[in-house]
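Undergrad: build me a model from this:
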Amino acid sequence: MKVLFLNPQGNFDKHDSHLTEHPDFGGQLVYVKEVSRELAKMNLSVDIVTRQIIDENWPEFSSPIDYFDDTKNPRIIRIPFGGDKFLNKELLWPFLSEYVDNIITFYNGENIDFVTTHYADGGFSGVLLKSKLDIDFSFTGHSLGAQKMDKMGVTLDNFEKYDEEYSFSKRIMAERLAMKYAYKIIVSTNMERFEQYSHPLYIDVSNVNDDHKFKVVPPGVNTEIFNENLNDIDEDTIKHIIEKTGGITKPFIILSSRLDEKKNHIGVVKAYANSKKLQEIANLGIFLRGISNPFEDIHKLNDKEQKILKPIIQEIKEAKIEDKVYFFDFRSQKALASAYKYFAQFKSIFAITAFYEPFGLAPIEAGACGLAIVATKNGGPSEIFSDGSGVLVDPFSIQDIERGLIEALQHYELYSKKVKNRVLQKYTWRKTAEGYLEVIEEGLKNKTPKIKESDFELDAKKLILKYLKDRR
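TA: Okay, the predicted model is just below:
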């Protein structure tokens, strides 16, 4: 069976180059890589179809065919489109028809059984491919444009400015078409299905009450990396930690999410700064990417990251807790997992108190390494930890964050054991791939009607403007 993963914006290679160093890279690429590799182990022939880049600044992405390992399955197929140079994802929209036409040329009549599509541009590419070759596809949005638009405070007055930068009109058009014509929409949680896909800009093309249209397939943890095996750690990472801390064996509260306002790092920092109890029983560790001493090197971060980090530093200074807060620089999954394992030895906890978290892969990765978990009650974590394997808190309440942190620290053994069992039972990439395989096999038995490109609704701008006007 031949299956394609369409991810035009994703830049994959065996070394995961630049994975945490560019906003177009990160979790979505990890997701596609891990699911495709697990499906390949189930004797499917799998190709990740992405973009070829011939650019001296991005040499890893020039070969037309590449592999993650010696099995040569999955393959990384790099299709030329949009010129040779690297382009941010917002600039790829005009070239997606070229992408699809070149996919057809590359496979040259080779049988393709099913296509899985990822993110809005992948979904739109799946729609175009179906209109030309009549191959059914699934759509995994990962994140949706309408929610991003709402969170950014887009209004009638500023829409044109934001649309020029983020291509909301094109993105939401693509998402609507992908939802309408996909054989199945794959979501990480029921909350994602019923909350995100019922947005007014999607509701007419994604009937969230249709159980045949949606399938919940949670992401997973790479247990080859994220585990409790202390014999498999990165020595340089441990050396970095010990040099920073002097080998302190006190528990740590770990913040490891990227610097993003919605992740609400400041909530945990304020809870810690205002709690003598927390300061007595734990230190605070903040994981960064790119710098390890923000007091001196904050200027090396971009403006958005500086905006988030400056209030954190101010809070630390005002509370006079510089001796209790440590910053670390970890740039790979191996380093991250090694740090989690190290701190788990001292009964530490991982905290993610985002205002809203669509799923929550980071906390289950930390949990697989032995850390107890404190997570926001808003979004996916409320489903992940519905069995009581993690402590859920209100991210808008500093007092509740403090309560949750203290509870997890005082009952570390209980929560650490429960979350490890939860991950192994439900949240591995093997389980995720099994969910995809069910969709693929079902889709092969239930062919959807042909579609014509001439029937596509290509103007989402009018819908967006009406939505913004009605919301006033």
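
Undergrad: what are the buried residues along the lowest-mean-pLDDT helix or strand in the chain?
TA: When each helix and strand of the chain is scored by mean pLDDT, DSSP states H and E, helix 294-297 comes last, with a mean of 85. For helix 294-297, a neighbour-count test (16 or more other Cβ atoms under 10 Å) marks Pro294 as buried. C-beta coordinates here come from the backbone N, C-alpha and C atoms, glycine included.

Undergrad: and what about the residue lying closest to Asn293 once chain neighbours are set aside, helix, strand or coil?
TA: Excluding the flanking residues, the one nearest Asn293 by Cβ to Cβ, 6 or more residues apart in numbering is Phe327, at 6.5 Å. Here Phe327 is recorded as strand under DSSP: H, G, I helix; E, B strand; the rest coil.

Undergrad: wait, Phe327 touches Glu296, no?
TA: No - if you go by Cβ atoms under 8 Å, Phe327 and Glu296 don't touch, sitting 10.5 Å apart.

Undergrad: what about the helices in the stretch 201-350 of the chain?
TA: For the stretch 201-350 of the chain, the helices defined by DSSP state H, counting those that start in this stretch occupy 235-245, 265-273, 276-281, 294-297, 303-319, 333-344.

Undergrad: looking at the ones you listed, which is closest to Val221?
TA: For Val221, the closest of the helices of the stretch 201-350 of the chain is helix 333-344, at 9.8 Å, according to Cβ to Cβ.

Undergrad: only C-alpha atoms, please: export that closest one in CSV.
TA: What follows is helix 333-344, C-alpha atoms only, in CSV (Å, rounded to 0.1, in the frame of the first residue of the first chain):
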residue,chain,number,x,y,z
GLN,A,333,15.0,16.4,21.7
LYS,A,334,17.9,14.2,23.1
ALA,A,335,19.1,17.1,25.3
LEU,A,336,15.5,17.8,26.4
ALA,A,337,14.9,14.2,27.4
SER,A,338,18.2,14.0,29.2
ALA,A,339,17.4,17.1,31.2
TYR,A,340,13.9,15.7,32.1
LYS,A,341,15.5,12.4,33.3
TYR,A,342,18.1,14.2,35.3
PHE,A,343,15.6,16.4,37.2
ALA,A,344,13.2,13.5,37.7
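
Undergrad: that one packs against which elements?
TA: Applying 3 or more Cβ pairs under 8 Å, 6 or more residues apart in numbering; DSSP states H and E, one finds that helix 333-344 contacts helix 235-245, strand 252-255, strand 283-288, helix 361-368.

Undergrad: mean confidence (pLDDT) on stretch 41-50, please.
TA: The pLDDT scores in stretch 41-50 average 97.

Undergrad: apart from its neighbours in sequence, what residue is nearest Lys307?
TA: Nearest one to Lys307, counting by Cβ to Cβ, 6+ apart, is Glu261 at 7.7 Å.

Undergrad: if we can go back for a sec, what would the helices and strands packed on helix 333-344 look like in CSV with mean pLDDT and distance to Val100?
TA: Compiled in CSV, the helices and strands packed on helix 333-344 are given as follows (pLDDT from 0 to 100; distance: least, Cβ to Cβ, whole Å):
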stretch, mean pLDDT, distance to Val100
helix 235-245, 94, 42
strand 252-255, 98, 41
strand 283-288, 95, 39
helix 361-368, 93, 29
